[in-house]
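> Give me a model of this one.
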Amino acid sequence: MKTNFNRRSAIKGILASTAALSIPLELSAFGLSKEKTTTIPMLKGNINHSVSRWCFNSLDLETLCIEAKKMGITGIDLVGPEAWPTLKKYNLISTMCNGAELNLVDGFNDIQFHEKLIQRYTEIIPRVAEAGYKNLICFSGNRRGKTDEEGWNNCVIGLQKLIPLAEKHNITLVMELLNSKIDHKDYQCNKTSWGVELVKRINSDHFKLLYDIYHMQIDEGDVIRTIKDNIQHIAHFHTAGVPGRNEIDETQELNYPAIMRAIAGTGFKGFVGQEFVPKYTDKLASLQQAITICDI
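Predicted coordinates:
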């Protein structure tokens, strides 16, 4: 997730497509050529690929849809109702819908925000279902001195009022795990264990977690074991390089092919969304490279 609300305000399988894009000199990781155009081979189908809209805001949405589809990406993350017609035009899906949250800091862990949150989620849940989508993002909000128990209790009070509606429309509310060390100071759902405890208390298949690999590497590490142990509580994944939140190549510390093999090995059928901020000039080449790295 981006370090501020711009992500929010900025804010089906096409596996046989190929794309020929020039790879800049900088993008030589994981076997991509430094000197010649590289063509993505037919994707293996073990990972369902999506990409977060906000990371590529320098591109208009239509361009992102066209180029993403060439790469075998089948969904766009973190877009609301205003973007859905464009996605449908290109036979892409909104893999993680947004638009109901207030922001990243005022969430379900604080009762003072419940009335407004419940109103907004009650309005958008049927719209997500009508559009044919499944996942709608939500946030714990910042701790602001609350104990874990207070945060869990408040989240349960608010979310339980929405779960019957989510179940009726077959929508999953997905709370994102964010680091509180670097990017989102004081965010309460900052550990997998905290999120999993909340999932257990909600006790519905229609509430799960968005495991952001970048964020959880920063706040807890032990990524592969944690994913394997908690996969039943995870609805979606996000990627980015650590440190820096940039490309997922060999310039950062995470072994993304190994992480993708672990995810695929669990039988996970949801999406892995690329959510890195490209630092190279050719942003589409960076995205192409990330898909190649994750296509295990």
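
> what about the nearest residue in space to Lys161 that is not next to it in sequence, which SS state?
Residue nearest to Lys161 in three dimensions, not counting chain neighbours: Ile118, with 5.5 Å by CB to CB, 6 or more residues apart in numbering. Bear in mind the C-beta positions are built from the backbone N, C-alpha and C, glycine included. Judged by DSSP: H, G, I helix; E, B strand; the rest coil, the three-state class of Ile118 is helix.

> Equivalent analysis for the one 4 residues further on, please.
Under the three-state scheme (three-state DSSP), Thr122 adopts helix.

> Excluding residues flanking it in the chain, which one is nearest it?
Here the residue nearest Thr122, using CB to CB, 6+ apart, is Leu165, at 6.3 Å.

> Just to check, the residue nearest to Lys161 is in contact with Gln160?
No: counting by CB atoms under 8 Å, Ile118 does not reach Gln160; the two are 10.4 Å apart.

> For these two, work out which one has more neighbours and name it.
Ile118 (17 against 14; other CB atoms under 10 Å).

> Any figure for the gap between the more buried one and Gly195?
20 Å (CB to CB, to the nearest Å).

> Which strand or helix spans Ala129?
helix 114-131 (DSSP states H and E).

> Now stretch 104-115: average pLDDT?
Mean pLDDT, taken over the full extent of stretch 104-115, equals 98.

> what's in contact with it?
1, 5, 8, 101-102, 117, 138-144, 146, 150-151, 154-155, 157-159, 161, 175, 178, 184, 186-189 (CB atoms under 8 Å, 6 or more residues apart in numbering).

> just stretch 155-173 next, same as before
For stretch 155-173, with CB under 8 Å, 6+ apart as the criterion, the contacting residues are 107-109, 111, 113-114, 117-118, 121-122, 125-126, 128-129, 133-136, 138, 140, 198, 201-202, 204-208, 235.

> among those, which ones are buried?
Buried residues within these, counting neighbours by 16 or more other CB atoms under 10 Å: 107-109, 113-114, 117-118, 121, 125, 128-129, 133-136, 138, 140, 198, 202, 206-208, 235.

> Let's test this: name the helix or strand in this protein with the lowest mean pLDDT.
Lowest mean confidence among the helices and strands of the chain (mean pLDDT, DSSP states H and E): strand 20-21, at a mean of 34.

> Spell out the residue ranges of the helices in the protein.
6-9, 61-70, 84-89, 114-131, 148-159, 163-169, 192-202, 213-219, 223-230, 256-265, 283-294 (DSSP state H).

> Mind checking those for the one nearest to Asp249?
Nearest to Asp249 among the helices of the chain is helix 283-294 (6.6 Å), distances taken as CB to CB.

> and the closest one with helix 256-265, angle?
Calculated by axes from the mean of the first three to the mean of the last three CA atoms, to 10 degrees, helix 283-294 forms an angle of 60 degrees with helix 256-265.

> For helix 283-294, list every residue counted as buried.
Buried residues in helix 283-294 (16+ other CB under 10 Å): Lys283, Leu284, Ala285, Ser286, Leu287, Gln288, Gln289, Ala290, Ile291, Thr292, Ile293, Cys294.

> Throw these into CSV and include pLDDT and distance to Phe56, thanks.
Below are the buried residues of helix 283-294 laid out as CSV (pLDDT from 0 to 100; distance: CB to CB, whole Å):
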residue, pLDDT, distance to Phe56
Lys283, 98, 6
Leu284, 98, 8
Ala285, 98, 12
Ser286, 98, 9
Leu287, 98, 7
Gln288, 97, 12
Gln289, 97, 14
Ala290, 98, 12
Ile291, 98, 13
Thr292, 97, 17
Ile293, 98, 17
Cys294, 98, 16
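
> Specify which member of the residues you listed is nearest to Trp84.
Using CB to CB, the buried residues of helix 283-294 come closest to Trp84 at Leu287, 21.1 Å.

> And the closest one, how far from Gly221?
Counting by CB to CB, the gap from Leu287 to Gly221 is 26 Å.

> Ok, His236 next?
Taken as CB to CB, the span from His236 to Gly221 is 20 Å.

> between these two, who's got more neighbours?
Ranked by neighbour count (other CB under 10 Å), His236 and Gly221 place His236 first, with 26 against 12.

> ok, which pair from the buried residues of helix 283-294 is furthest apart?
Lys283 and Cys294 (16.7 Å).
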